Every structure is written in C-alpha cells, then in structure tokens.
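> Predicted coordinates and the sequence they were generated for:
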Amino acid sequence: MSLRLENLTLEGHDAPVTLTIEDQRIAAVVPTADTPQAGAPGGGVETIDATGLLALPGLVDAHAHIDKTLYSGPWVPVPELGSVHERIAHERAVRDRYGLPRGDYVSALVETMVGAGTTHIRTHSDVDPGVGTRGVEVVADVANRYADSVTIEQVAFPQGGLISNPGTLALLEDAVAAGASTIGGIDPAGFDGAPLEHLDAIFDLAARTACGIDIHLHDSGALGAWEMAQIVDRTTAYGLAGKVAISHAFGLAHEPTQDALIERFAEAGVAIVSAAVYDVPVPSLAKLAAAGVTFASGSDGINDLWGPYGDGDMLRRAMLVGYRNSVRTEAGLQQALATATTGAARMLGLEDYGLGVGDLADLVLVRARCTAEAVARVPVREVVIKAGSVVARDGRYLS
Ligand SMILES: [Zn+2]
C-alpha cells in the first residue's frame, strides 16, 4: 500500500507537489503539475488531496513525563508549593492515592499527543525505591501498544534523588533492563547534595549500559553553570558526544559564563532541552543556533501533580519557545519550530528524519502557507502520518 499526497505545500518548492510514500518512506516529490496521472484511484494507492496543506516533519517531544499524568482522570488541584523539593515531596506523598502511574491515563495522553502530530516522544519515567521500575513498565506497555502511531523512548529518571536516596542507582540499572534507553539525573548539587558523586554515578552507569544521558538541571546561577561545565567535562571524558542532554539548563541564564558554556556545548556535543514554561529562564534560540548547539523542546509535565497545564501539543510548544525568545521574524519562527522537529530529532539520534526522498514518512499536514505561519497560528493537525500510515485526522487519533 502506498500513499500519495497531491497539491501539497512543501517549503523550498515553488509550486504544489505530489509526495509519494512507499514502504514507510518518502519515495518521490515532484510538482503536481507534472504528474498527469495524479488523482487516479485504485492500484493500492491511497490519495489525499492536500490542497492548502503544508507538510511539516513529524513533531518530536524531547522531554515529557507521561508516567506522571492525570490526563483523562480526576481533576486534582495543585497546592501552593515553593520549591522543587516541596513538589517532589508532595508527589511522593499523594501519588499512590491516585494510583499513579496508570496505563489508561498514559494511553489517553499518548492518543492526544498523536492527534497533535507527535510521532516521537522521549519521556522521563520516575524510578525510586517507592515506585520501583513500575513507571518504566507501564510506559513500555503503552509504547508497545501504540508503536504503529508513535515511537516512545524512556529515560530512567531518579526524580526523588540518587545519592541521597539509597537503592535508586541499582533501580536505574533495572530500569534499563525494563526498557529505558537513557540515564536521567536531577540537580546533582541543589537537590541531591552530592554533585560530583551524582555525575560520576550516572556517567559510569551510562557507560556500563551503553545508554545516553539526559539530566534535569534546575540549579541556577553560578552553581548551575558550574554543574554544566562538569557535565561537559564528563561528556568528553566518556566519549559521549551527541548522547548527552541537559534539560531546563536554568544556569545558562547566568551571563558571566553563558557564552563560554555555549561554545563548550557545541564542541562537546551536549544538547539543550527547554519546555519554555512559566517564568523560568529559556535558552536563547539565536545564540544556540549560531553556535550550532542542538536545541530541543518538550512538553515537560502534562496535567499532573506538579502542575495543571499542558496539552502535549508540540506545535504550540514551539510557539512558546519562540514567544519566550521574543521572536517575530520568519527565521526566528523557523528556529522555534526546529526545537520540535530537526533539533529534537538530532538530540534523539533519529535517523532518516525529515521531508526528503528516502526519509521515513512521519509527516504532519496543517493549513498554513509556511512554517512561520504554522508556528504563529498553531492550526489543527489535519493529517498525521506515522511510517507511511495515517494515524490521526482533524486533530484526533484514529483508533
Ligand atoms: Zn522534566
């Protein structure tokens, strides 16, 4: 079975194109005007009239926490809490009351994310002596069930601390056996209180298990900047260029070390991930792009015990990244979208990602004339295609 998109708008082409998909890949892109046979039904070819629709590559959510979600479940008010410490303690105190993690909530959220055009997700699953590896197992089960619609990869995430939470390190290794492919970390200094020990532990574990690293770093100012330099040092020492990401990276807002750190990220192959949430610092699109640093975005928590917000919509997330960067230009809007497309794909090491002939056919069609318009207006995802099959229409997952 092959799929043909006729009269499709594709950036870089002067006239509407016909994009043909065969064996899950983009097989041809030619001007629709040059394809007289266009529109002929049958022959195992499904044709979609894409007049007025722009193709984007499948959206990539590079940082989510789908194991935590209450999506489709009860509405749970979030109390006033002042720090990461307090939020983690609150979650630990009440998560069992709501039966978290729950596969039905995770599934409902994944369907919504697919409806919004997401074809790849990296999600951080909590691992600690309380929940064990149950979150990883629940997410792995959902990932299996939705494998034809979205690719889900997991980070084994020590949300409750690593050095300060005995037993967690061994559980992270168990989590890799249960399906996680990346080792997480959290504020080695500010939360765990043992920065060097924490970083050495996760880099050793990553080396032992052939995993990458994606570390939550909310620590800000000079402390956060110092920790980022420590991460860069270890990335080089362990030969992990291209396999290490720093999520949130609030310390990058610390101006005295900002430019030097950005240069070092580019040299060492360390990626930066932001959710552009609330009033926290957002990395500079322009500076990271100029230095060639991989910059990805993600939803972070979606309607969970940490916060009420979130819809899993990565086009809207790209808009927020641009908005928080005070972006107005076409180039700026394109850079913002790249955090949810090519930048995130590079961070995840996705091969054959894109809209070229030979690339895997993960596409999103929206009613827009260019990517800048799509980012600014956040139109409905009219058609979502995963590996050559239509998996969502009009913003809704096709069950
Ligand atoms: Zn997070």
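Structure received. Numbers count the residues shown, from 1 in each chain.
> Quick check: next helix or strand after the longest strand along the chain?
Determined from DSSP state E, the single longest strand within the chain is strand 118-126. For strand 118-126, the following helix or strand on the C-terminal side (DSSP states H and E) is helix 134-145.
> List the buried residues of that following helix.
Using 16 or more other Cβ atoms under 10 Å as the test for burial, helix 134-145 gives 134-140, 142-143. Using the backbone N, CA and C atoms, a C-beta is placed for each residue, glycine as well.
> From the contact counts, what lies against the longest strand of the chain?
Where contact means 3 or more Cβ pairs under 8 Å, 6 or more residues apart in numbering; DSSP states H and E, strand 118-126 is packed against strand 59-64, helix 134-145, strand 151-157, strand 212-216, helix 342-348.
> Make CSV out of those and add distance to Leu223.
Formatted as CSV, the helices and strands packed on strand 118-126 follow (distance: least, Cβ to Cβ, whole Å):
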stretch, distance to Leu223
strand 59-64, 22
helix 134-145, 29
strand 151-157, 21
strand 212-216, 14
helix 342-348, 24
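> got JSON lines for these, with distance to Asn7 and mean pLDDT too?
Below are the helices and strands packed on strand 118-126 laid out as JSON lines (distance: least, Cβ to Cβ, whole Å; pLDDT from 0 to 100):
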{"stretch": "strand 59-64", "distance to Asn7": "23", "mean pLDDT": "98"}
{"stretch": "helix 134-145", "distance to Asn7": "35", "mean pLDDT": "98"}
{"stretch": "strand 151-157", "distance to Asn7": "29", "mean pLDDT": "98"}
{"stretch": "strand 212-216", "distance to Asn7": "40", "mean pLDDT": "98"}
{"stretch": "helix 342-348", "distance to Asn7": "25", "mean pLDDT": "98"}
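> which one of the ones you listed lies closest to Leu363?
strand 59-64 (10.0 Å; Cβ to Cβ).
> by contact count, what packs against the closest one?
For strand 59-64, the elements it packs on are strand 118-126, strand 295-297, helix 314-324, helix 342-348, judged by 3+ Cβ pairs under 8 Å, 6+ apart.
> Which helix or strand lies directly C-terminal to the helix or strand containing Glu91?
In this structure, Glu91 is located in helix 84-94 according to DSSP H and E. For helix 84-94, the following helix or strand on the C-terminal side (DSSP H and E) is helix 103-115.
> Check which helices and strands that following helix sits against.
Packed next to helix 103-115, using 3+ Cβ pairs under 8 Å, 6+ apart, are helix 134-145, strand 381-386, strand 389-393, strand 396-397.
> Distance to Pro188 added to these, as JSON lines?
Conversion of the helices and strands packed on helix 103-115 to JSON lines gives the following (distance: least, Cβ to Cβ, whole Å):
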{"stretch": "helix 134-145", "distance to Pro188": "21"}
{"stretch": "strand 381-386", "distance to Pro188": "37"}
{"stretch": "strand 389-393", "distance to Pro188": "39"}
{"stretch": "strand 396-397", "distance to Pro188": "38"}
